[in-house]
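S.K.: need coordinates for the below:
(chains A and B)
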2 protein chains.
Amino acid sequence: MANIGLEASDQLEVMRLHVDAALEALVEDEIEQGAGQVAELCASMLLAGGKRLRPLLILLAHEIAGGQDTEEVMPLALAFEMIHTATLVHDDINDEAGLRRGVETIHTRAGLAKAVIAGDWLFVQGFGLGGRYDEHIVRLMAKCCADIAVAEFHQLDHVLNLATSPEDYLAIVRGKTAGPFAAGCQAAGLVAGLSDEQAAGLGRFGMELGIAFQLVDDLLDLRGDERMGKPRGADVLEGKMTLPLIHALTLSHGKERQRLATLIESFSDEHFDELMQLLDRSDSLSYAEILVKTHLERAVLELDAFPESQAKSLMLHITGYVMARHT
Amino acid sequence: MANIGLEASDQLEVMRLHVDAALEALVEDEIEQGAGQVAELCASMLLAGGKRLRPLLILLAHEIAGGQDTEEVMPLALAFEMIHTATLVHDDINDEAGLRRGVETIHTRAGLAKAVIAGDWLFVQGFGLGGRYDEHIVRLMAKCCADIAVAEFHQLDHVLNLATSPEDYLAIVRGKTAGPFAAGCQAAGLVAGLSDEQAAGLGRFGMELGIAFQLVDDLLDLRGDERMGKPRGADVLEGKMTLPLIHALTLSHGKERQRLATLIESFSDEHFDELMQLLDRSDSLSYAEILVKTHLERAVLELDAFPESQAKSLMLHITGYVMARHT
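M.R.: Below is the predicted model:
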């Protein structure tokens, strides 16, 4: 994987292209074997772009853990990307989202029934790939995926629940977003031959990075961003209790809190500026920014256990990228 | 597993109770580990009864293949039952079914979003269990599950398609219903240490039995039956092209075919008797019955490769049961 002489961002781009090519090959192989329409429909979402953060982190975690052969960890990286895409397809059904990665969502194009099945197919592909590894790694993946489901239930129960606490929020984020980052990095370490304890360090790195990543997502939803096909305030519109909202609800009082509650409960884009003013008054976006920094610092600390290397620089580059996304 | 002295049906009942207990233990364990509401919701469907044909066949296939320790194959048996239940939960969403195994379906009780996630959770549990086995078995499971998705797409595309051929029908049944029977029996043989070739024989047994099983299901839908919570003609109402309908459409001509087409396209219970009369005219139910017999005979032939044993008698008893269901 070493591409000495390239800038970090170019090196990551080369790796991303490798991941894309592997995903394409996999889908083509499935189509050849008769998966036809379901594979094509899934491919339209799977190959519609995306930063491939999860597979890149898995490849890099494997490398800093001493792994020599990228081929030995690639199926794991693809497995996590396919499972991630499966959850997106099923999420989009539940959120009634019309666009994802700039393309029409599967349920919009093919209807509910096929979208449910397409998500299942992606899950199956992911597990088929992941199931090639040791039982220990399979259990880690299964636990991670079961935790996603638990967190999603938790999240659904907290839609428009103004009493959602920061603890509720973190439990949801750990299960749904950060858990897969953690499990992927940890499993990659195990594939490379790390001890359980060393691999757990990579798991903590992934968890902290994943939490920061979600917090940045929350911020971007409010600030508007480069994320394709999602209007600003989409989370608020869906009733998702993001950390800035939870923080502002906790700090506000009296009429201000009441107005904030009303805005959240019956949000529409015309109230966007007013919502932002109320969030500013309790400095809720700054608070989320501080948390991003804290979690990224913790992530970086976990990498101290590993010797300097090109792969480590690239992992640090990714943590820097997560930081830079919202600034 | 031997319970010498008991009738075959009682022996199978003892095995079924073992499977139920193992499923219950698994769910309780998950709840203890924090899976809470999603596990409880899934348990309500998973433990609502059911004949457990798939896990029973897996346990028996393992035994006739020379497997000594039921514990070594039980996770595989549970995996297939959980994956089967996952597909039921997602199917019920698509079919807008209100009842299953006599209890309210998950989407009826908990809504679409949670039903999608609950199905995902069941899939994950199934793969977590199946992923403990050799890569060869994992690939077999993944292929089987991917084929289910492909067949479900195929089936959706043939809803109310009066040009559906017997070949389309068989492709759907092989993928969706019979494939999991086949993969389960084949994998059980591999766990017990059979050669690929010997295990493939058990796979063919499962495939033939599974096709017969689906044909009987088609017949029961038209004849009314003991299946809990499903009104007669439910398949016709859902636009599913079952074999008796396909057969009758193929054999009928002129006004009769036109009337049959109209009945199928705009079916309601009040037309049930008329539909049955038209099916009788082309002897379509008898045709399906003959096919049931043919496929069961082929299934039984595959068992000739294995020595007489209690397990083999029980497998023959199950093939007899499938036959008896519709008579």
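S.K.: A:Leu156 reaches B:Ala115, doesn't it?
M.R.: No: A:Leu156 sits out of contact with B:Ala115 when judged by CB atoms under 8 Å, with a separation of 11.1 Å. Using the backbone N, CA and C atoms, a C-beta is placed for each residue, glycine as well.
S.K.: these two: who's more crowded?
M.R.: The neighbour count for A:Leu156 versus B:Ala115, taken as other CB atoms under 10 Å in any protein chain shown, is higher for B:Ala115 (23 against 17).
S.K.: leaving out sequence neighbours, find the closest residue to the more buried one.
M.R.: B:His107 (3.5 Å; CB to CB, 6 or more residues apart in numbering or on different chains).
S.K.: with A:Gly49 instead?
M.R.: Using CB to CB, 6+ apart and skipping the chain neighbours, the partner closest in space to A:Gly49 is A:Arg101 (5.2 Å).
S.K.: which parts of stretch A:121-134 are buried?
M.R.: Taking 16 or more other CB atoms under 10 Å in any protein chain shown as the basis for neighbour counts, the residues of stretch A:121-134 that come out buried are A:121-133.
S.K.: and it, is it in reach of chain B?
M.R.: Yes: using CB under 8 Å from any CB of the partner chain, we find that stretch A:121-134 touches chain B at A:121, A:123-125, A:127-128, A:130-132.
S.K.: greatest separation within these: which pair is it?
M.R.: Pairwise distances across the residues of stretch A:121-134 next to chain B (CB to CB) peak at 18.1 Å, for the pair A:Trp121 and A:Arg132.
S.K.: how close does the residue in the stretch 201-327 of chain A that chain B sits nearest to sit to B:Arg223?
M.R.: Sorted by distance to chain B under CB to the nearest CB, the residues of the stretch 201-327 of chain A start with A:Glu238, at 11.1 Å. Between A:Glu238 and B:Arg223 the computed distance is 47 Å (CB to CB, to the nearest Å).
S.K.: thinking again about what came up before, touching, the residue of the stretch 201-327 of chain A closest to chain B and A:Val159? I think so.
M.R.: Yes: under the contact definition of CB under 8 Å, A:Glu238 touches A:Val159, with a separation of 7.4 Å.
S.K.: higher neighbour count, the two?
M.R.: Neighbours per residue (other CB under 10 Å) separate A:Glu238 from A:Val159, with A:Glu238 holding more: 15 against 12.
S.K.: burial count for the closest residue to that one other than its chain neighbours?
M.R.: Distances taken as CB to CB, 6+ apart put A:Asp95 closest to A:Glu238, at 5.6 Å, once the chain neighbours are dropped. When neighbours are defined as other CB under 10 Å, A:Asp95 has 19 of them.
S.K.: how much space between A:Asp95 and A:Leu156?
M.R.: Taken as CB to CB, the span from A:Asp95 to A:Leu156 is 11 Å.
S.K.: if I look at the spatially most central residue of chain A, how far off is chain B?
M.R.: For chain A, the residue lying nearest the average C-alpha position, counting by CA atoms, centre = their mean, turns out to be A:Thr177 (4.8 Å). Taking CB to the nearest CB, to the nearest Å as the measure, A:Thr177 falls 15 Å from chain B.
S.K.: before we move on, back to that, let's have the residues of stretch A:121-134 next to chain B in JSON lines, adding secondary structure.
M.R.: Formatted as JSON lines, the entries for these read as follows, by DSSP: H, G, I helix; E, B strand; the rest coil:
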{"residue": "A:Trp121", "secondary structure": "helix"}
{"residue": "A:Phe123", "secondary structure": "helix"}
{"residue": "A:Val124", "secondary structure": "helix"}
{"residue": "A:Gln125", "secondary structure": "helix"}
{"residue": "A:Phe127", "secondary structure": "helix"}
{"residue": "A:Gly128", "secondary structure": "helix"}
{"residue": "A:Gly130", "secondary structure": "helix"}
{"residue": "A:Gly131", "secondary structure": "coil"}
{"residue": "A:Arg132", "secondary structure": "coil"}
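S.K.: got CSV for these, with pLDDT too?
M.R.: Rendered in CSV, the data for these read as follows (pLDDT from 0 to 100):
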residue, pLDDT
A:Trp121, 97
A:Phe123, 96
A:Val124, 96
A:Gln125, 96
A:Phe127, 95
A:Gly128, 94
A:Gly130, 95
A:Gly131, 92
A:Arg132, 91
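S.K.: out of these, which one sits closest to B:Ala261?
M.R.: Distance ranking of the residues of stretch A:121-134 next to chain B against B:Ala261, using CB to CB, places A:Trp121 first at 32.4 Å.
S.K.: what sits closest to A:Glu30 if chain neighbours are left out?
M.R.: For A:Glu30, the closest residue by CB to CB, 6+ apart turns out to be A:Ala39, at 4.5 Å.
S.K.: elements contacting whichever helix or strand the one you found is part of?
M.R.: For A:Ala39, the host element (DSSP states H and E) is helix A:36-46. Contact here means 3 or more CB pairs under 8 Å, 6 or more residues apart in numbering or on different chains; DSSP states H and E; on that basis helix A:36-46 packs against helix A:8-30, helix A:70-95, helix A:106-110, helix A:112-130, helix B:135-157.
S.K.: quick revisit: OK, contacts around the residue nearest to B:Ala115?
M.R.: Residues touching B:His107, when contacts are defined by CB atoms under 8 Å, 6 or more residues apart in numbering or on different chains, comprise B:89, B:92-93, B:114-115.
S.K.: what residues does the stretch 101-250 of chain A have near chain B?
M.R.: With CB under 8 Å from any CB as the criterion, the stretch 101-250 of chain A comes near chain B at residues A:112-114, A:116-121, A:123-125, A:127-128, A:130-132, A:135, A:138-139, A:141-143, A:145-146, A:148-150, A:152-153, A:156-157.
S.K.: ok, back up a step: number of residues surrounding the residue nearest to A:Gly49?
M.R.: A:Arg101 sits with 19 neighbouring residues when counted by other CB under 10 Å.
S.K.: correct me, but A:Phe127 touches B:Gly131?
M.R.: Yes: counting by CB under 8 Å, B:Gly131 is a contact partner of A:Phe127 at 6.7 Å.
S.K.: what touches both of these two?
M.R.: When contacts are counted by CB under 8 Å, 6+ apart, A:Phe127 and B:Gly131 are jointly contacted by A:141, B:138.
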